[in-house]
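Colleague: Turn this into a model:
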Amino acid sequence: MKFSLCDAMRYIKAYEVGRPPTSSKYDLAIRLRTPKNGPAVRNRVELPHVVNSSTRVCVICPPDSKHAKQAVDSGASLVGEETVFDAVKAGRIDFDKCICHVDSERKLKQAGVARMLGPRGLMPSEKLGTVTKDVKAAVGAMIGGSEYREKLGVIRCAVGQLGFTPEEMQSNIREFMSAIKRDIAQLSDRISKDVHEVVSISLKHRPLLSRSWLTMF
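Modeller: Modelled structure (predicted):
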């Protein structure tokens, strides 16, 4: 069954009445028309309205530096060098994202934690922008941003919370779609890739909508 975005959100809120407004997330799935074995779209986008407000960010930087203070003031939940390395080695990985200041990159590589952070997608790298000079901006982007990655021709990303209004959802979806199109535009001209359809938008993995509602945007 198909619903407009506004109607679907109204039904969902009625069904989920009593739940905290930030407890459930709307998940958008985009199917791409893409060649097999081609490069995958992967990036992070800062949406107009924060979705993952509970994201725990770890910042690896000199503990007594100005960068450490900036990290704490920006909302990082764990800051330091040796304390972070010791926690990771002990299996206490109590964070969802990890950033490393350039001054601590050598210590990070020497700490021997890549084998624990890597499989979880938490190992900082310059390619992903998680090894940085600007800790404040990086933490803000992590807390206020959403990561996405193409898998088998489909990109999934959380674009809203249960308590969002339709207008907030529309704003986030517009920005998410624009980000994907920018990523595609940056690929080589020899690579044919474009947005094919919106597979669904769901809350807690329950299908809600089909591509028909995209005409609203």
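Colleague: Do you have the strands of this structure handy? List them.
Modeller: Remark: strands assigned in the chain by DSSP state E are 25-33, 42-46, 57-60, 78-80, 97-101, 131-132, 145-151, 154-161, 194-203, 206-209.
Colleague: Report the residue ranges of every domain in this structure.
Modeller: With domains defined by automatic domain parsing, the chain comprises 5-40+153-216, 57-143.
Colleague: so which of those is the most packed in?
Modeller: When neighbours are counted by mean count of other CB atoms under 10 Å, the highest per-stretch mean among the domains of the chain falls to domain 57-143, a mean of 18. C-betas here are computed from N, CA, C, even on glycine.
Colleague: Now do the end-to-end distance for that domain.
Modeller: End-to-end distance for domain 57-143, by CA to CA, to the nearest Å: 7 Å.
Colleague: any idea of the mean pLDDT for it?
Modeller: Averaging pLDDT along domain 57-143 gives 93.
Colleague: Then stretch 192-206?
Modeller: Mean predicted lDDT for stretch 192-206 stands at 68.
Colleague: Just want the angle from the longest helix seen in the chain to strand 42-46.
Modeller: Looking across the chain with DSSP state H, the single longest helix is helix 166-185. Counting by axes from the mean of the first three to the mean of the last three CA atoms, to 10 degrees, helix 166-185 points 140 degrees away from the direction of strand 42-46.
Colleague: starting at the chain centroid, how far to helix 166-185?
Modeller: Here helix 166-185 shows a centroid-to-chain-centroid distance of 13 Å under the convention CA atoms, centre = their mean, to the nearest Å.
Colleague: I would like the residues contacting it, please.
Modeller: 5-6, 9, 26, 28, 30, 32, 41-43, 45, 47-49, 51, 146, 148, 155, 157, 159-160, 164, 193-195, 216-217 (CB atoms under 8 Å, 6 or more residues apart in numbering).
Colleague: Is it possible to get JSON lines of the strands of the chain that adds distance to Met169?
Modeller: Formatted as JSON lines, these follow (distance: least, CB to CB, whole Å):
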{"stretch": "strand 25-33", "distance to Met169": "7"}
{"stretch": "strand 42-46", "distance to Met169": "15"}
{"stretch": "strand 57-60", "distance to Met169": "25"}
{"stretch": "strand 78-80", "distance to Met169": "31"}
{"stretch": "strand 97-101", "distance to Met169": "23"}
{"stretch": "strand 131-132", "distance to Met169": "30"}
{"stretch": "strand 145-151", "distance to Met169": "13"}
{"stretch": "strand 154-161", "distance to Met169": "5"}
{"stretch": "strand 194-203", "distance to Met169": "9"}
{"stretch": "strand 206-209", "distance to Met169": "11"}
